[in-house]
Each structure stands twice: as structure tokens, then as C-alpha cells.
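Asks: sequence first, then the predicted structure:
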Amino acid sequence: MEINILELEPYLQKQVDAGLPGTDILHGHLKNMLFEAERQLEEAQRVEEENDYSDAMESMERKYWEGQVDALGDIYAMTYALAFAIEERTKARG
């Protein structure tokens, strides 16, 4: 998925226009990306198993998607931490 840094996808722009917090928008988008990466990982694992783990390229594909799932999961978790930290800061300021 290629992201144009100068233009948001329409559904993301609608969320910005509606005034949603950036962390909430990012959290939702990451959830979708994580779901897709998990689906791709499952498919790569299935193909690799079907071929008795005999193709190095298939192993590389699986490893790629494992890395994607790990990285996206870490960032997804960080959005929770950020949202809670911002909420606590807001409460503390009254």
C-alpha cells in the first residue's frame, strides 16, 4: 500500500473534517492495516506449508508478513498509550 503524504484517502479526510483526534484516526487505520497483514501472513503460511517448506522465496514472503504484523502491532499498541497519556494530561490540566 503506497501512501501519498500530501493527500489523505477520502475516508481519512472525512474523519479529519469531522474533528476526530489524530490518534483515533491513526488507530483505526492501523487496525485495518494489521488485519490485512495478518491475512497475508496466514496465506503465506498456507502456501509454504502446502509446498513442504521447500521454497526459500515462500519463506521470505512469510518472514516479511511476520515482520509487518509485528511492526504494525507495536505501532497499534502505541496509539493506545498515546491516547491514554493525552487523556491523562488533559484531565491533569483541568
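Replies: Thanks, I have it.
Asks: for residue 88, what are its contacts?
Replies: For residue 88, the contact set (CB atoms under 8 Å, 6 or more residues apart in numbering) is empty. Just so you know, the C-beta spots here come from the backbone N, C-alpha and C atoms, and that holds for glycine as well.
Asks: gap between it and residue 24?
Replies: Counting by CB to CB, to the nearest Å, the gap between residue 88 and residue 24 amounts to 16 Å.
Asks: element containing the spatially most central residue of the chain?
Replies: Residue closest to the average C-alpha location in the chain (CA atoms, centre = their mean): residue 30, at 3.1 Å. The secondary structure element spanning residue 30 is helix 22-50 (assigned by DSSP states H and E).
Asks: beyond that helix, next helix or strand please.
Replies: Past helix 22-50, further along toward the C-terminus, the next helix or strand under DSSP H and E is helix 56-93.
Asks: let's test this: mean pLDDT of that following helix, rounded?
Replies: Across helix 56-93, the average pLDDT comes to 94.
Asks: and if you look at stretch 30-49?
Replies: For stretch 30-49, mean pLDDT is 96.
Asks: can you list contacts of that stretch?
Replies: 1, 55, 58-59, 61-62, 64-66, 68-69, 72-73, 75-76, 79.
Asks: thank you, goodbye.
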